[in-house]
Structure formats: C-alpha cells, structure tokens
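Have a look at this fold, sequence not included:
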C-alpha cells in the first residue's frame, strides 16, 4: 500500500505547489516535463517485461488482449464514462479541478496495474513512476484549476487501495510463474504508456488491459 500512499501524497504536495505557482508555469515547460518522463516509464516497463520465463506468454497475452479490448471498445468506453462524469459533476472551479484530476489519475492502466503489481509482488516501481507523472500533472492542473485538484488525492487513495487489497488476496492463489508472467505482460503495457508520453505513436493501452487477465490464466492452463 506504500506506493499508493506515496502517489496520493505526491498529488497533494504538487497540487499545493501548483496553486502557489499559478499561471506563471510556462506551457512549453509543462509539455517538456511530461514528455521526458516517458523515458523512465519505458525503462521500468522493460525491467518488468524481462522478468518473463517464457516470452511467448506476454506476447500472446498482449496480442489476444488487444483483440478482446478492441472488440469490447474498452478505451472508448472509459473515455465516454470520463466525459459523462465531467459533464454531470462540474459545478464550479473547485469541483472541476477535483473531477478532472480524479478522472485523469484513476481512469488508466497504471492506476490498475500499479496497485495490482504491488499487491502481488510488493514491487512499487509502477506507482513510483505514476507518482512522478501525477505530480507534474497536478502542478499543471492546480495552477489552472485551483485547490480542488489536491482533493483528488483521496480518490486515488481509495481507488488504488481497493485494487491493492484485491491483489493481496489473489497472491495466495497464484503461482510464482503466474505472477512473473503477469508482471512481464504488465511491463509491455507500461512501455506502451511511455511511448505515448514521448508522443512517438498513439497506442490505445486501455484496450490492452485484458492481457493482464489472459497472462496468468494462460500460464496456469498451458505452461
């Protein structure tokens, strides 16, 4: 749970800094910071992916995951939910900051994969990378939308904490190899997120999420 606590704290502290900075933060600098953070994100993803004992498992899992994700339209559905909540809940500057930040930090693969990874293996590296990303984003958002952004830290704590608790319970049911292949498959998704941050290509990572379920199941039944 430490990774989620650090993530929430980074949002809170960075949001307060953003409120103090206000509009003085250069827009070009904001974009450059978010772009350059794609490099350590890719490094973390590669470290995770290389933990595989059978490269066929994460490869097939991601391929099948994308097929299922595209057919189900997972990323599009997540985006629609986000837009609908924004329209319904925005009632002022405070609420706009809170809702916008909550959706940004919770509707995405890292918010699911990070606490799951920590719950299964105790590895907080994804959440530490997410803390950096969310911290930069919080400075940017809070400088424009105010203190409401800081309160999204509570949403992140509750949302990611629930995935951590779920994964902690599942860890006793999964073999060491199942956890390794889950980790390796998740690493490929993290690499994809890094590619998006660097703006090299737009990959629909949300549609890859079924791979996280396929990897341990494929390991259990076929390997």
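Thanks, I have the structure now. These numbers come from a predicted model, not from an experiment.

From here on, just use CA atoms for contacts and neighbour counts.
Noted.

which stretches of this structure have low pLDDT?
Across the chain, the ranges flagged by pLDDT under 70 are 23-27, 30, 86, 89-92.

center of it, which residue is that?
Using CA atoms, centre = their mean, the residue of the chain that lies closest to the mean C-alpha position is residue 110, 1.6 Å off.

could you measure it against residue 177, distance?
Shown here: residue 110 relative to residue 177, a distance of 22 Å by CA to CA, to the nearest Å.

Same question for residue 16.
When distance is defined by CA to CA, residue 16 is 42 Å away from residue 177.

got the contact list for residue 157?
4, 5, 8 (CA atoms under 8 Å, 6 or more residues apart in numbering).

Need those in CSV (columns: neighbour count, distance to residue 33 and secondary structure).
Shown next, in CSV, are these (neighbours: other CA atoms under 10 Å; distance: CA to CA, whole Å; DSSP: H, G, I helix; E, B strand; the rest coil):
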residue, neighbour count, distance to residue 33, secondary structure
4, 26, 22, helix
5, 18, 23, helix
8, 26, 20, helix
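
Export the residues you listed as TSV, with columns for distance to residue 102.
Listed next are the contacts of residue 157 as TSV, based on distance: CA to CA, whole Å:
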residue	distance to residue 102
4	14
5	15
8	11
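
what about residue 78, neighbour count?
The criterion is other CA atoms under 10 Å. On that basis, residue 78 has 16 neighbouring residues.

In space, what's closest to it - neighbours in sequence excluded?
When the adjacent residues along the chain are set aside, residue 78 lies closest to residue 107, with 6.8 Å between them (CA to CA, 6 or more residues apart in numbering).

so how many other residues sit close to the one you found?
Residue 107 is surrounded by 18 other residues when neighbours are defined as other CA under 10 Å.

Can you verify my assumption that residue 50 contacts residue 183?
No. The pair residue 50 and residue 183 does not pass the contact test of CA atoms under 8 Å, sitting 9.2 Å apart.

more neighbours, the two?
Neighbours per residue (other CA under 10 Å) separate residue 50 from residue 183, with residue 183 holding more: 29 against 17.

Within the helices and strands, which one has the residue nearest to the centre of the chain?
Per DSSP states H and E, residue 110 falls inside helix 109-121.

same for that helix, what does it pack against?
Of the remaining helices and strands, those touching helix 109-121 by 3 or more CA pairs under 8 Å, 6 or more residues apart in numbering; DSSP states H and E are helix 2-21, helix 125-145, helix 152-170, helix 176-197.

Nearest to residue 85, out of those?
Smallest distance to residue 85 across the helices and strands packed on helix 109-121 (CA to CA): 14.2 Å, for helix 152-170.

quick one, that closest one and helix 125-145 angle?
Counting by axes from the mean of the first three to the mean of the last three CA atoms, to 10 degrees, helix 152-170 points 160 degrees away from the direction of helix 125-145.

Return the distance of helix 152-170 from the chain's centre.
When C-alpha coordinates are averaged (CA atoms, centre = their mean, to the nearest Å), helix 152-170 and its chain have centres 12 Å apart.

which residues does the closest residue to residue 106 other than its chain neighbours contact?
Here the nearest residue to residue 106 in space, its sequence neighbours aside, is residue 156; by CA to CA, 6+ apart that works out to 6.4 Å. Residues touching residue 156, when contacts are defined by CA under 8 Å, 6+ apart, comprise 4, 7, 8, 102, 105, 106.
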